[in-house]
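Asks: Return a 3D structure for these sequence lines:
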Amino acid sequence: MGDRQRPLLPNAEKALDRLKFEVAEDLGLDDDIDQKGWANMTTRQVGKIGGTMVKRLIKRGEQALSEDD
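Replies: Numbering: from 1, shown residues only. Predicted structure coming up:
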């Protein structure tokens, strides 16, 4: 279970990393990441970042779909 899942699209990894740091900054967790590193973040902190990323990705997907109509 130590393997990290990779994005389906190779070019998406950099964009997802940018989103992750953007979300962390918006949540005020960027200083904690700088001080502690990702490995020492709490499960709650990392989960909050991941959950917010998912919400933003869903919103972007819905916007893209609505533009196609």
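Asks: alpha carbons only for contacts and neighbour counts from here, please
Replies: OK.
Asks: Could you give me the buried positions within the helix ranked longest in the chain?
Replies: Longest helix of the chain, by residue count under DSSP state H: helix 43-68. Buried positions in helix 43-68, judged by neighbour count with 16 or more other C-alpha atoms under 10 Å: Gln45, Val46, Lys48, Ile49, Gly50, Thr52, Met53.
Asks: low-scoring stretches of this protein, by residue?
Replies: Scanning the chain for pLDDT under 70 picks out 1-4, 69.
Asks: List the contacts of the residue nearest to the spatial centre of the chain.
Replies: Closest residue to the average C-alpha location of the chain: Lys20 at 3.2 Å, with C-alpha atoms, centre = their mean. Counting by C-alpha atoms under 8 Å, 6 or more residues apart in numbering, Lys20 touches Ile49, Gly50, Met53.
Asks: Tell me the helix or strand right after the helix or strand where Val23 lies.
Replies: Per DSSP states H and E: Val23 is located in helix 12-26. Moving toward the C-terminus from helix 12-26, the next helix or strand (DSSP H and E) is helix 30-36.
Asks: Quick check: buried residues in that following helix?
Replies: Here helix 30-36 shows Asp30, Ile33 as buried, counting by 16+ other C-alpha under 10 Å.
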